[in-house]
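> What follows is a predicted structure for the sequence shown.
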Amino acid sequence: MKRFSIFTFIAFGLVACNWDEGLDVDSDAGSDAAQEELPLIITFIDVWQGDSSLFELPDGRVILIDGGDEGYGTSSVIPVLDAKQIDTIDLMVLTHPHADHCGGLDEILNHVTVLEIWDNGEANDTNSYDGYVLARDNESANLLVPARDYSVSFGEVSATVMHVDEGYEDFNNDSIAIMFSYRNVKILTTGDVEREAQEDMLFLYGSALACDVLKVPHHGSADFHESFVLYSSPQHAVISSGTGNQYGHPHQESLDAYNGIGAVICRTDQIGTVEFTTDGTSIETNCN
């Protein structure tokens, strides 16, 4: 069954790459879905040593964050989209231009309709990034570089940018991080932000980083801030990494930190794709 989206674009004063318009929500959009109490479904897709997160919103819209490395758009992400009968992505987010995040996006862009794209505005001189740009530019999607604190609502779900390109020396720390809120439930996605960027987020947001589900930064790297773990304090910590990867992710220091706060650690290298379903109060998951 095809998913249709009612989409209204207005100006938000963001830094725009090619357009001046931003993503907004028709106040009537999704009202029937809300009456049916449809859930929010978050799927952390197993793309081996990469990231890809799919959000199916209660009003029927779809958000995809990252697409794994080259080939994983076709082998891992697209089969999930097809199984869920998704042929339109309302918002695609590239957190940063490393291959394990952007490599599969061209395959996805060539397979489905994408209405809006966010990235952090940074370019990378690689075939993976070039493929993303070519497919992105061939898509008639609105393209934006969101600023920190930019927030948009999709019915009862809000998405707030808590970090974006701040001119660090590496791409990881310039990742887009987004806090999603649905009623009483919060999900924080973080790209590959490392200790330095996490420290900035702590300074700016402190206890506002608290969430129920955290996409652990940088595949569980040891380059993390201990206070970030404490302040985010997730019930579930999702680590997207590949079995036997060359980086040794997740690192034991990271596992110890999340175990230390009592979080349930959900590893795609151990259980494959991780899915959460929430009505905004309780959470059901295949990771317990």
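In hand now; what should we look at?

> which phi and psi does the nearest residue to residue 112 once chain neighbours are set aside have?
Leaving aside its sequence neighbours, residue 112 sits nearest to residue 87 (C-beta to C-beta, 6 or more residues apart in numbering; 5.2 Å). For the C-beta atoms, the positions are set from N, CA and C on the backbone; glycine is no exception. Phi and psi for residue 87, reported as degrees, to the nearest 10, are phi -120, psi 0.

> what about residue 87, how many residues close to it?
The local packing of residue 87 (other C-beta atoms under 10 Å) involves 15 other residues.

> Same question for residue 110.
Neighbour tally, residue 110, other C-beta under 10 Å: 15.

> need the contact list for it.
Residues near residue 110 by C-beta atoms under 8 Å, 6 or more residues apart in numbering: residue 135.

> coming back round to it: pLDDT wise, what is the residue nearest to residue 112 at?
Per-residue confidence (pLDDT) for residue 87: 97.

> And residue 29, by the same measure?
pLDDT at residue 29 comes out at 47.

> Kindly report the same for residue 22.
50.

> now do residue 181
98.

> correct me, but it touches residue 162?
No. Counting by C-beta atoms under 8 Å, residue 181 stays clear of residue 162, with 11.5 Å between them.

> residue contacts, residue 235?
So residue 235 contacts 212-213, 263-264, 283 (C-beta under 8 Å, 6+ apart).

> was I right about residue 174 contacting residue 148?
No. If you go by C-beta under 8 Å, residue 174 and residue 148 don't touch, sitting 11.4 Å apart.

> Between these two, which contacts overlap?
With C-beta under 8 Å, 6+ apart as the test, residue 174 and residue 148 both reach 164, 166.

> The two: which is more packed in?
Set residue 174 next to residue 148 and count neighbours by other C-beta under 10 Å: residue 174 wins out with 23 against 16.

> so is the residue lying closest to the more buried one once chain neighbours are set aside in a helix, a strand, or just coil?
Leaving aside its chain neighbours, residue 174 sits nearest to residue 165 (4.1 Å; criterion: C-beta to C-beta, 6+ apart). Counting by DSSP: H, G, I helix; E, B strand; the rest coil, the backbone at residue 165 sits in coil.

> re earlier: filter the contacts of residue 235 down to just the buried residues.
212-213, 263, 283 (16 or more other C-beta atoms under 10 Å).

> Which two of those have the greatest separation?
263 and 283 (13.0 Å; C-beta to C-beta).

> what residues does stretch 121-138 touch?
Contacts for stretch 121-138 (C-beta under 8 Å, 6+ apart): 15, 17, 69-70, 94, 96-99, 102-103, 105-106, 109-110, 117, 143, 145, 165, 171, 174.

> buried ones in that stretch?
Applying 16+ other C-beta under 10 Å to stretch 121-138 flags 121-122, 124, 128-129, 131-133, 135-136 as buried.

> Among these, which one sits closest to residue 78?
residue 135 (13.3 Å).
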